[in-house]
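Student: sharing a model prediction with you, sequence too.
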Amino acid sequence: MLSVRDLTVSVTTREEPLDIVRNVSFDIAKGEILGVVGESGCGKSMTSLAIMGLLPKPMIDVRSGQILLNGKDVTELTPYDRVQQKCGGISMIFQEPMTSLNPVMRAGEQIIEALDVHDQEADRSPEKRARELLDLVHIPDAALQLSAYPHELSGGMRQRIMIAIALACNPEVLVADEPTTALDVTIQSQILSLIRELCDELSVAVMFITHDLGVVAQLADRVAVMYAGSVIETAPVEPLFKDRSHPYTNGLFNCLPDPTHQTARLNPIIGQAPLAGEINDGCRFAPRCDFIADDCKKGDIDWVKISEDHQARCKHPQRKGGMS
Amino acid sequence: MSKEMILDVAGLQTTFKIKRSGKKYDLKAVDDVTFDLQKGEILGFVGETGCGKTTVGRSIVGLTQANGGVVSYEGKNILELSESKLRDIRQKVRMVFQDPYASLNPRRSIGDSVAECGDIHGTFSSSDDRSEQVAKAMRNVGLDPSFAERFPHELSGGQRQRVGIARAILPTPEIMIADEPVSALDVSIQAQVLNLLMDLREKLQLTILFISHDLSVVGQISDRIAVMYLGRIVEFGSAKIIFSDPKHPYTQALVDAVPKPDPSIKIVAGIAMGEPPSRLEGRAGCSFSDRCPLVKDICMTQQPELKKLNDGRKAACHIAE
């Protein structure tokens, strides 16, 4: 469905271009949810913007690599062409629904606007289709909610409207960039189950970006962990959580607070992630790694196969399974 | 842990006056909140957006004007103190704010920001003493004292939050009110800052009121926990039991909704149905009644009191036992 091959995204600077995403590859199948996890600045949002064709060019642009949609290379296409059904259809849900909805336009008009642009089937009325979309995303009292302005809606409702707009073009791929981060937990769980349901019912391929390992565990089929611009570990969700092998992935787990461990010290990763300009040679995680060896400091780190379908970019994978 | 009470809050009430479409409303942000803070403990306040947890913290130090209740500290009711007396209290009861980007003055050096409270209260005997104490406070939070010369934009988010904490421990306070101190940070940095707060509690014998929306964080760091919903405390008790065996249906809903880092547990659309109701309209009965799966007739008409249960915790629910 969606394949990303060796994607490298760079920022133009006065000196050398800086790679903020480097050699990222993954596939997402129909009806599959890929969870992309990582901390601020690891390149997860830039990867999603590259897929959508929304990178702020020419400052930041794809330097090499391919984005394939159903086998067709869309890397050079404009965002408008990418969302068109003729090339498969990709759409995106953003983190903060309040800033991505138009504040002076009623919610319903925004859904119909998206339908006018994308929905090519002339024989159905946009209003009817808008109702169907609202049913899909479980919005009660449709008439009332459609005539409301975004500020009159709750955070959860706004995110449902955003999802309805994203579904207007019948996408085959849905890119969701931290769609629940701004929501309260009880609302988050409602939106997460909605995304799972849509993925199953409409067989959309979903790229779900989050910093929350808990969300990944409950939602994703496959996981890609990113650090400093690269994917450093990837596997289906169960093996990744059970046999996590990259020291960074392990470190992330050790940082997770556990509500049943009162006032126990956590075991944080030392230091902080490197900035794009100060990336070291060799493994990018080496300066913070507990298991650093001499061969980590030089050259590119290749994938090491942990098991079928499970790989880590680490010369000394740890396999610290079953600690959570 | 000693059980000496350091701060006693009774019937705290903070109301905001709000105008919507020409109509005036009273929004009870904090409604009859009662709790005590014991010396040396970390008390966690947890709840969702708009539940009033931040307003509780701000009302205690007078950043937001409370309009009812008593906050006793050192035998005095803080809420009735004059501005000049309140200044003295603010040396001992300090706040750490959420956003380390917004809470530091961008044009003031880190050292000056850390020393600010001491400068106001005449803590330092000389400029040498000042730089020495600033350096000590910075070392206490794990920052290199050379950072004193730098400005906020040169620091990362985690470092800025350490500055926010450093300025709250100089001069050493008795109580720290930490309002979402880690929610703007990445998990690996969040873990470092949580450890730091637990270290400081021991080192400086601090008492911490820790406010957060994140159940896991609150559970990890707190000795006791207060769960708030729409301005009221709905469950209050020892952290050991409150999340492992919640009695109030809202606490249960929160616990269920937190995504667990375990793929064998798949998501359930939380048991709390719908969304919190508008708080502008006054209502009878329990404020959680329209989302509660266990709702009974009495819940619609009578507001439940926060009452003590057999195991020592308190819950405001007609059916909790």
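Tutor: Nice, thanks for sending it over.

Student: only C-alpha atoms for contact and neighbour calcs from this point on.
Tutor: Noted.

Student: could you point out which element follows the host helix or strand of A:G65?
Tutor: Per DSSP states H and E, A:G65 falls inside strand A:60-69. Following strand A:60-69 in sequence order, the next helix or strand is strand A:72-73 (DSSP H and E).

Student: which elements pack onto that next one?
Tutor: Using 3 or more CA pairs under 8 Å, 6 or more residues apart in numbering or on different chains; DSSP states H and E, no helix or strand is in contact with strand A:72-73.

Student: pLDDT on that strand, on average?
Tutor: Averaging pLDDT along strand A:72-73 gives 85.

Student: so which residues on the stretch 51-200 of chain B come close to chain A?
Tutor: Counting by CA under 8 Å from any CA of the partner chain, the stretch 51-200 of chain B comes close to chain A at B:D186, B:V187, B:S188, B:I189, B:Q190, B:A191, B:Q192, B:L194, B:N195, B:M198.

Student: in helices only, show me these.
Tutor: B:V187, B:S188, B:I189, B:Q190, B:A191, B:Q192, B:L194, B:N195, B:M198 (DSSP state H).

Student: contacting residues around the second one?
Tutor: For B:S188, the contact set (CA atoms under 8 Å, 6 or more residues apart in numbering or on different chains) comprises A:G251, A:L252, A:C255, A:P268, A:I269.

Student: rerun that using 10 Å as the cut-off
Tutor: Neighbouring residues of B:S188 by CA atoms under 10 Å, 6 or more residues apart in numbering or on different chains: A:39, A:248, A:251-256, A:266-273, B:158.

Student: can you tell me the SS state at the residue of the stretch 101-250 of chain A found nearest chain B?
Tutor: Residue of the stretch 101-250 of chain A nearest chain B, by CA to the nearest CA: A:G214 (3.9 Å). Classification of A:G214 using DSSP: H, G, I helix; E, B strand; the rest coil returns helix.

Student: residue contacts, it?
Tutor: A:G214 neighbours (CA under 10 Å, 6+ apart): A:F253, A:L256, B:V258, B:P259, B:K260, B:P261, B:D262, B:P263.

Student: and the first one, which of the three is it?
Tutor: Read it as A:F253. helix.

Student: pLDDT added to the ones in helices among the residues of the stretch 51-200 of chain B next to chain A, as JSON lines?
Tutor: Formatted as JSON lines, these follow (pLDDT from 0 to 100):
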{"residue": "B:V187", "pLDDT": "88"}
{"residue": "B:S188", "pLDDT": "86"}
{"residue": "B:I189", "pLDDT": "87"}
{"residue": "B:Q190", "pLDDT": "91"}
{"residue": "B:A191", "pLDDT": "91"}
{"residue": "B:Q192", "pLDDT": "91"}
{"residue": "B:L194", "pLDDT": "93"}
{"residue": "B:N195", "pLDDT": "93"}
{"residue": "B:M198", "pLDDT": "94"}
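
Student: now these in CSV, with distance to A:S48?
Tutor: Formatted as CSV, those follow (distance: CA to CA, whole Å):
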residue, distance to A:S48
B:V187, 21
B:S188, 23
B:I189, 24
B:Q190, 25
B:A191, 27
B:Q192, 29
B:L194, 31
B:N195, 33
B:M198, 38
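
Student: buried ones from these, can you make that a ChimeraX selection?
Tutor: ChimeraX command restricting these to the buried ones, with burial defined by 16 or more other CA atoms under 10 Å in any protein chain shown:
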select /B:187,188,189,190,191,192,194,195,198
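
Student: circling back to that earlier point, as a markdown table, the residues of the stretch 51-200 of chain B next to chain A with distance to A:L219 would be great.
Tutor: Shown next, in a markdown table, are these (distance: CA to CA, whole Å):
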| residue | distance to A:L219 |
| --- | --- |
| B:D186 | 20 |
| B:V187 | 19 |
| B:S188 | 22 |
| B:I189 | 25 |
| B:Q190 | 23 |
| B:A191 | 24 |
| B:Q192 | 27 |
| B:L194 | 27 |
| B:N195 | 29 |
| B:M198 | 33 |
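
Student: tell me which of these is nearest to B:L79?
Tutor: B:M198 (28.9 Å; CA to CA).

Student: can you list contacts of stretch A:136-153?
Tutor: By CA under 10 Å, 6+ apart, the list of residues contacting stretch A:136-153 reads A:97-111, A:130-135, A:157-164, A:167, A:191, A:194-195, A:197-198, A:201.

Student: now which of those would you call buried?
Tutor: Buried among the contacts of stretch A:136-153 (16+ other CA under 10 Å): A:97-98, A:101, A:106-111, A:130-131, A:133-134, A:157-164, A:167, A:191, A:194-195, A:198.
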